[in-house]
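> I would like the atomic coordinates for the input below:
(2 chains)
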Amino acid sequence: MQVATWNVNSLNIRLDHVLAWLENNPIDALALQETKLPDERFPSDALAEAGYYAAFAGQKTYNGVALLAKTPPVDIVTALPGFEDDQKRVLAATINGARVISVYCPNGSALDSPKFTYKLDWFAHLRDWLVDELSRHEKLVVTGDFNVAPRPEDTYDPDKWDGRILCSPDERAALNALIDTGLTDCWRLFDDREGRHRFTWWDYRGGGWPQNNGLRIDHVLASTALAECCRDCRADVGERGRKRPSDHVPVIAQFE
DNA sequence: ATGGCTTAGGTGCTAAGA
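Numbering: from 1, shown residues only, chains lettered A, B, ... in the order given. As a prediction, the model looks like this:
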């Protein structure tokens, strides 16, 4: 089974990119983030024509997550249990026997922002819920835009980024707390990438892509049963060079 | 150079992203 994640930065703008990508990458499940669409505007018909079922939890302008799958997603959850939040950032579904969770983790804005407090609080509640989900699903993958670069080498310039937003000790600890529930960062099983292939996001501003000023902030975290049969995990960096790209590229994991 | 871009909403600009 192949699972992928992609922060599309508006599914309305990127629908043609997604349809073309699915045609070339016939995967079993694709997690989307930042769809920025209310549910009544979700392009279910176009995706069904492409052969994909969809589950989604969206809102106007901001956030929004979805799961596309070749088999119908079931047992859908659209929020973190016990966490009051009107931001649509999480979606879980069982797809062909595996639990797949699409997450759009908060950005945090700045270390002294209320949004940073919200980010850490959100991660803590995600962690507690994952413990629960892992107790019910042996095969589980939580994937999406985590807005955390786990290690210095997951940035193009550790001297510039370490300690700042996306790379602070608190954020790295929050991500590690997720992993410590019994998950594996699949990327690190194949951690010999070079150049552009080290990253999943490049800023639109300041020549981020041409200069390869990238970060690795989109992840695939798998339960032990899935991690043991993970055969590949990589970013499709070519998408960043297309016309009118998202600032994030798809990350694909192959499970035997 | 924490941004030189891109998006949504709305029609000129602000907010937000990472």
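
> What's the mean pLDDT across stretch A:90-100?
Average pLDDT, stretch A:90-100: 98.

> buried stuff in it?
A:Val90, A:Leu91, A:Ala92, A:Ala93, A:Thr94, A:Ile95, A:Ala98, A:Arg99, A:Val100 (16 or more other CB atoms under 10 Å). Where you see a C-beta, it was placed from the backbone N, CA and C, and this is true even at glycine.

> Can you name the residues that contact A:Ile252?
Applying CB atoms under 8 Å, 6 or more residues apart in numbering, one finds that A:Ile252 lies in contact with A:Gln2, A:Val3, A:Ala4, A:Asn25, A:Ile27, A:Asp232, A:Cys233, A:Arg234, A:Ala235, A:Asp236.

> The fourth one reaches A:Val251, doesn't it?
Read that as A:Asn25. No. A:Asn25 sits out of contact with A:Val251 when judged by CB atoms under 8 Å, with a separation of 11.5 Å.

> Tell me which entries of the buried residues of stretch A:90-100 lie within helices.
Counting by DSSP state H, none of the members of the buried residues of stretch A:90-100 fall within helices.

> Between which two of the residues you listed is the distance greatest?
For these, with distances taken as CB to CB, the pair at the greatest spread is A:Val90 and A:Ala98 (16.8 Å).

> returning to what we had before: buried ones among the contacts of A:Ile252?
Using 16+ other CB under 10 Å as the threshold, A:Val3, A:Ala4, A:Ile27, A:Cys233, A:Arg234, A:Ala235, A:Asp236 are the buried ones among those.

> How many residues are close by A:Asp45?
Look at A:Asp45: counted by other CB atoms under 10 Å, it has 9 neighbours.

> same question, the one 4 residues further on
Applying the criterion other CB under 10 Å, we find 10 residues in the vicinity of A:Glu49.

> Tell me the pLDDT of it.
Checking the pLDDT column for A:Glu49, the value is 97.

> Report the contact partners of it.
By CB under 8 Å, 6+ apart, A:Glu49 lies in contact with nothing.

> How about A:Arg164?
Counted by CB under 8 Å, 6+ apart, A:Arg164 has contacts A:Leu111.

> Repeat the analysis, applying 7 Å as the threshold.
Under the criterion of CB atoms under 7 Å, 6 or more residues apart in numbering, the contact list for A:Arg164 is empty.

> Quickly note the distance from it to A:Lys115.
14 Å (CB to CB, to the nearest Å).

> end to end, how far does stretch A:143-161 reach?
Taking CA to CA, to the nearest Å, stretch A:143-161 runs 23 Å from one end to the other.

> quick one: average confidence on the helix or strand hosting A:Ala31?
For A:Ala31, the element it lies in under DSSP states H and E is strand A:29-33. Strand A:29-33 carries an average pLDDT of 98.

> Mind giving me the packing neighbours of that strand?
The contact analysis (3 or more CB pairs under 7 Å, 6 or more residues apart in numbering; DSSP states H and E) places strand A:29-33 against strand A:2-7, strand A:65-69, strand A:98-104, strand A:140-145.

> Pull up the pairing partners for the second one, direction included.
Spelled out, that is strand A:65-69. Using DSSP bridges, the strands paired with strand A:65-69 are strand A:29-33 (antiparallel), strand A:53-57 (antiparallel).

> With respect to DNA strand B, which of these lies nearest?
strand A:29-33 (7.5 Å; CB to the nearest atom of the strand).

> which residues do A:Asn25 and A:Val251 both contact?
A:Ala4.

> Would you state the helices of chain A in chain order?
All helices of chain A, identified by DSSP H, fall at A:11-24, A:44-49, A:114-136, A:158-161, A:169-179, A:224-227.
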